[in-house]
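Asks: What would the 3D arrangement of this be:
(chains A and B, ligands or ions: 1)
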Amino acid sequence: MEPVAVVGVGMTAMRRERREDGYADLVYEAVRLALEDAGMTIDQVDNVVTVSNDFFDGRTISSMAVQDACGSYDKNVSTVEGDGTFGAFYGLMRILSGSFGTTLVCAHHKGSESVMPLITNAMFEPVYERFLGAEAVTSSALQARAYMDKFGVTEEECALVSVKNHGNAFRNPLAQLPLELTVEEVMSSPYVAEPLKVLDCCPISDGASAVILASAEVAEKITSKPVWVKGVAHCCDAYHLGDRDLSDARALRDAARRAYSMAGISDPRREIDLVELYDAFSYMELMWLEGLGFCGPGEGGKLTASGATAPEGEIPVNPSGGCLSGHPVLVAGLNRIIECVLQISGEAGERQVDGVRTAVAHGINGPCGQSHCVWVLGGEK
Amino acid sequence: MEDWRKGQEIVVMEGRIKVPYRWAAGEVGTRYLQALRDERKFLGTRCPGCGIVYHPPRRHCPDCGRECAEWVELGDRGTLVSYTVVHRHHPQLSPLPLPFGYGIVKLEGADTGFLHLLYEFGEGELEAGLPVEAVFAEEREGSVLDVRYFRPLREVG
Ligand SMILES: [Zn+2]
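Replies: Coordinates of the predicted model:
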């Protein structure tokens, strides 16, 4: 792959409700921050990829409503309806096509404006499934149960993820939900859908984020510290939950294998310094750690209990606080990329992890991680 | 200029994005729903390539792309693959009062699981591999809710 770099990142604070800001206001803020970070003007952006979902936005063709805020006049624009990691993937491909030197990728979400279970219920197939009323939490509970049953993973092991990530959020001023928790507090929070308790679940959030990607030629002119895309891949699994082995994230394993192969990584645990993954629910961090190859199947809980995934551990996971500490849907995957970029650049402030040279960002799309997108980012071209 | 905010809440426009919509069940879906409604029977389709029996039925095999033209009658009993007990009732979503659950049920004769509701179970009774049976609605209208729910298998044999 021709080298492509992330040259600028911008992220609004994630909050439960940002009533003062409309969608376009949030997008404007994220885009402005990304341009400032890159030291670029909007004129230097060749094309724009927006990430949005019509149901969440409460309007059709939702992408067009934020083009003003993206500075899109006179530019080629396109849209991804899915997680931000997939939007960034498309932005990357547009550069690789040779048609563009730079891509601005922007995602926005206001969970405060809709009714989350009604929107996520609507992702299910309408003839056989939708009218049963399942949504993101109840379907994820089925996955959590299948995964925990298969490997004997305990609710306490899942709770450790929540304790760690909410604790990490204290060092991220943009995080929504820093919490000082104990495993006992997570365990005694009420069930939403067994085995998932309130404190196993991500919050509802408002926020927007933007990243600017550039070809090597442009990146090396624009910035002295580009963060390079070393490898990237995404893979998909079956739509119907019953067609899948929910306990097995095979699409993630495939995506990780391809991204690592592109990045020349053979031993992820040794060669990767930091991970930002899509922990919409605590169990997901354990499953995705296994799928990303940081431990064997069923060993995510033990790896977490050992402290290896803490900020000072051998392989820090979600030092930003993760999705558990702020989950603007669609934006969340871009936020994983942004945190990796900040950590590699040494700009992660109070939560900076020492010596991050290679980091992995991960996003999901569809019920129970139907598809996974894996990015390997590094400081060296 | 700062004064305008004094005592002024941010205005929020209330609305709905509900618009009528019609989802065609297609030939395969219609035959399936007809059998549920008229015969209280579950039907699947078999892939001639992989031999997989899909339930709910598919016209084309998602694994190999072949047409699954063969219909297979399935049992109205099966086993639980996974399950969750729901603790929050959502008035616009939940078809049953609490405590109800969701399960992935593999019916007798099917190779894939089926998402449906669980009800009439005791505390701690649900577990993977539990035999379950379908409870049909008396009045059936050709929808997946013609099956009211699945419950732990009561009578043996
Ligand atoms: Zn087949």
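Asks: any idea of the mean pLDDT in the strand of greatest length in chain B?
Replies: The residue-count maximum for a strand in chain B (DSSP state E) belongs to strand B:77-85. For strand B:77-85, mean pLDDT is 98.
Asks: what's the answer for stretch A:304-324, then?
Replies: Per-residue scores along stretch A:304-324 average to 98.
Asks: go on, stretch B:99-116?
Replies: Stretch B:99-116 comes out at a mean pLDDT of 98.
Asks: before we move on, what about stretch B:60-67?
Replies: 96.
Asks: quick one, helices of the chain?
Replies: Because you didn't say which chain, this covers chain A. Counting by DSSP state H, chain A has helices at residues A:23-38, A:54-57, A:84-96, A:116-121, A:136-151, A:155-168, A:183-187, A:216-222, A:250-263, A:268-271, A:282-291, A:300-305, A:331-345.
Asks: I was after chain B.
Replies: Using DSSP H, helices in chain B cover B:26-39.
Asks: Could you find the closest non-adjacent residue to the residue in it positioned nearest to chain A?
Replies: Nearest to chain A in chain B, going by Cβ to the nearest Cβ, is B:G113, at a distance of 2.9 Å. Just so you know, the C-beta spots here come from the backbone N, C-alpha and C atoms, and that holds for glycine as well. Closest residue to B:G113 apart from its sequence neighbours, by Cβ to Cβ, 6 or more residues apart in numbering or on different chains: A:G242 at 2.9 Å.
Asks: quick one: low-confidence parts of the stretch 251-381 of chain A?
Replies: In the predicted model of the stretch 251-381 of chain A, no residue satisfies pLDDT under 70.
Asks: residues touching the residue in it positioned nearest to the ion, list them.
Replies: Per Cβ to the ion, A:A251 is where the stretch 251-381 of chain A lies closest to the ion, at 18.6 Å. A:A251 sits next to A:C235, A:C236, A:D237, A:G369, A:Q370, A:S371, A:H372 when contact means Cβ atoms under 8 Å, 6 or more residues apart in numbering or on different chains.
Asks: So which of these is surrounded by the most neighbours?
Replies: Counting neighbours by other Cβ atoms under 10 Å in any protein chain shown, A:H372 comes out on top of these with 32 neighbours.
Asks: List the contacts of that one.
Replies: A:H234, A:C235, A:A249, A:A251, A:L252, A:A255, A:A256, A:W288, A:G291, A:H362, A:G363, A:I364.
Asks: rerun that using 7 Å as the cut-off
Replies: A:H372 makes contact with A:H234, A:C235, A:A251, A:L252, A:A255, A:H362, A:I364, according to Cβ atoms under 7 Å, 6 or more residues apart in numbering or on different chains.
Asks: so A:G346 sits right up against A:Q352, yeah?
Replies: Yes - the criterion here is Cβ atoms under 7 Å, and A:G346 meets it with A:Q352 at 6.3 Å.
Asks: Could I get the full set of strands for chain B?
Replies: Using DSSP E, strands in chain B cover B:42-46, B:53-54, B:70-74, B:77-85, B:101-107, B:114-118, B:131-136, B:147-152.
Asks: Residue nearest the middle of chain B, spatially speaking?
Replies: When Cα atoms, centre = their mean is applied to chain B, the residue found nearest the centroid is B:H116 (3.5 Å).
Asks: Quick check: it vs B:A128, distance?
Replies: From B:H116 across to B:A128, the span is 16 Å (Cβ to Cβ, to the nearest Å).
Asks: Could you tell me which residues of chain B lie near chain A?
Replies: Where chain B comes near chain A, counting by Cβ under 7 Å from any Cβ of the partner chain, the residues are B:10, B:12, B:17, B:23, B:25, B:29, B:56, B:62, B:81-88, B:90, B:92-95, B:102, B:104, B:112-117, B:128, B:143-145.
Asks: Narrow the contacts of A:H372 to those that are buried.
Replies: A:H234, A:C235, A:A251, A:L252, A:A255, A:H362, A:I364 (16 or more other Cβ atoms under 10 Å in any protein chain shown).
Asks: List the contacts of the fifth one.
Replies: Spelled out, that is A:A255. Neighbours of A:A255 in contact, by Cβ under 7 Å, 6+ apart: A:A233, A:H234, A:C235, A:H372, A:C373, A:V374.
Asks: How about the stretch 151-300 of chain A: which residue is closest to chain B?
Replies: For the stretch 151-300 of chain A, Cβ to the nearest Cβ, closest residue to chain B: A:G242, 2.9 Å.
Asks: Which residue, other than its chain neighbours, is closest to A:D273?
Replies: Closest to A:D273 by Cβ to Cβ, 6+ apart is A:V356, at 4.5 Å.
Asks: Which residues of the stretch 151-300 of chain A lie near chain B?
Replies: A:P190, A:Y191, A:V192, A:A193, A:E194, A:A238, A:L241, A:G242, A:D243, A:L246.
Asks: Would you report which members of those residues are assigned to strands?
Replies: Those of those lying in strands (DSSP E): A:Y191, A:V192, A:A193.
Asks: Who wins on neighbours among these?
Replies: Neighbour counts for these peak at A:A193, which has 25 neighbours (criterion: other Cβ under 10 Å).
Asks: which residues does that one bridge with?
Replies: A:L196, B:V86 (DSSP bridges).
Asks: who are the neighbours in contact with it?
Replies: A:A193 neighbours (Cβ under 7 Å, 6+ apart): A:V137, A:T138, A:A141, B:T84, B:V86, B:H87.
Asks: try 10 Å this time
Replies: Listed by Cβ atoms under 10 Å, 6 or more residues apart in numbering or on different chains, the contact set of A:A193 reads A:134-135, A:137-142, A:144-145, A:200-201, B:84-88, B:101-102.
Asks: neighbours around A:E20, how many?
Replies: A:E20: 9 neighbours (other Cβ under 10 Å).
Asks: The one 3 residues further on now?
Replies: Using other Cβ under 10 Å, A:Y23 has 23 neighbouring residues.
Asks: Please report the distance of it from A:N53.
Replies: In terms of Cβ to Cβ, A:Y23 sits 11 Å off from A:N53.
Asks: Can you check which residues contact both of these two?
Replies: A:S62, A:H108, A:H109.
Asks: From A:T102, how far off is the spatially most central residue of chain A?
Replies: The centre of chain A sits closest to A:G333, judged by Cα atoms, centre = their mean, with a distance of 2.2 Å. Going from A:G333 to A:T102 by Cβ to Cβ gives 20 Å.
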